[in-house]
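In: Generate a structure from the sequence data that follows.
(one chain, ligands or ions: 1)
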Amino acid sequence: MVINHLVTLNTWNLREFNRFFKTVDEFKKGRFMPHMNKIITNLFYEPSTRTSSSFYAAAKKVGADVISINNVNYSSVAKGETLEDTIRTLACYSQIIVLRHPEIGAAKRAADISPVPIINAGDGAGEHPTQTLLDLYTIYKNFGKIEDLKIAFIGDNKNSRTVHSLGNVLEKCARVYYCDDYSVDNIPEADIYYLTRVQKERGSSGSYELTKEHIDKLPKNCIVMHPFPRNEEIPQWFDNDPRAKYFEQMSNGLYVRMAILYERL
Ligand code: NCD
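Out: Reported below is the predicted structural model:
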């Protein structure tokens with residue numbers, strides 16, 4: 001049997017993205033499909049607010065129950081258990097495992113031995129495909145498409161897994177600019193500005209701040225995205241600007257994750 005893991009989006013094509021967006025639309029319109037007696041595990045080896053709580057809410061909304069392991073120090077991981085043994089254990093009690101782990105490739109390692117679908121909720125500085133699906137869905141809702149657009153990634157492009165996953169998809173169908181030097185003076189003209197915080201926990205340093213002067217230079221019809229959490233990259237006063245889409249991303253995350261779970265339960 002083929003297990004429907006979600007470790008990367010590298011094999012998805014435009015047709016699959018568009019099909020997936022239609023399913024998300026159904027959930028956004030209020031589709032409710034109860035999955036009784038199903039359980040998903042949220043297994044988080046790293047901090048999370050949006051990903052873990054939206055997967056929790058999404059599971060409940062598709063009728064599933066949730067085992068939440070949000071602090072692995074209170075699990076047998078603290079006794080030296082391997083990732084593989086932890087996955088095999090939780091696969092005995094749940095139908096899907098949502099995994100966030102500090103090591104690149106951890107989701108692939110888990111998928112290699114797991115009898116139930118592994119959803120990669122972030123593997124170190126590697127990938128974050130479910131964030132990418134909600135980012136793409138937000139782009140799709142704002143532009144009616146995800147292809148033939150211009151996106152500028154501004155911030156910690158080297159160590160941000162959200163940038164890696166989204167960049168990998170958009171490089172195939174859009175114009176992608178990576179602005180690595182934290183300098184806002186040479187921001188290219190784009191449809192989408194995707195900002196990220198400095199990933200200090202992955203060895204990155206420096207800081208980045210969009211000032212009023214920079215914001216004044218942004219095109220009127222662009223959108224500004226951020227996976228959050230933010231530090232000082234985007235000032236809070238910008239939140240009411242119609243171009244700020246980060247709260248829309250968060251909100252879409254629920255429906256996107258409902259669709260991801262629904263398709264695997
Ligand atoms: C991101 C992550 O965990 O990679 N957060 C998220 O899931 N929305 C971004 C980050 O931590 O900077």
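In: ok, residue 243 - how many residues close by?
Out: The number of residues packed near residue 243 is 17, by other Cβ atoms under 10 Å. Every residue, glycine included, has its C-beta placed from N, CA and C.
In: oh, I was asking about residue 137
Out: If we define neighbours as other Cβ under 10 Å, then residue 137 has 24 of them.
In: so who does it touch?
Out: Contact partners of residue 137, counting by Cβ atoms under 8 Å, 6 or more residues apart in numbering, are 21, 24, 252, 255-256.
In: In the one helix or strand it maps to, which of the residues would be classed as buried?
Out: Here residue 137 is covered by helix 129-143, with elements defined by DSSP states H and E. The neighbour-count check on helix 129-143 (16 or more other Cβ atoms under 10 Å) flags 129-140, 142 as buried.
In: Which one of the contacts of residue 137 sits in the busiest neighbourhood?
Out: residue 256 (28 neighbours).
In: is it true that it touches residue 130?
Out: Yes: Residue 256 lies in contact with residue 130 (Cβ atoms under 8 Å); the separation is 6.9 Å.
In: As TSV, the contacts of residue 137 with secondary structure would be great.
Out: Shown next, in TSV, are the contacts of residue 137 (DSSP: H, G, I helix; E, B strand; the rest coil):
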residue	secondary structure
21	helix
24	helix
252	helix
255	helix
256	helix
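In: Beyond the helix or strand bottoming out on mean pLDDT in the chain, next helix or strand please.
Out: Lowest by mean pLDDT, DSSP states H and E among the helices and strands of the chain is helix 212-217, with a mean of 89. Using DSSP H and E, the next helix or strand after helix 212-217 towards the C-terminus is strand 223-225.
In: That following strand near the ligand anywhere?
Out: No: interface with the ligand: strand 223-225 contributes nothing (Cβ under 6 Å from any ligand atom), its closest point being 11.0 Å away.
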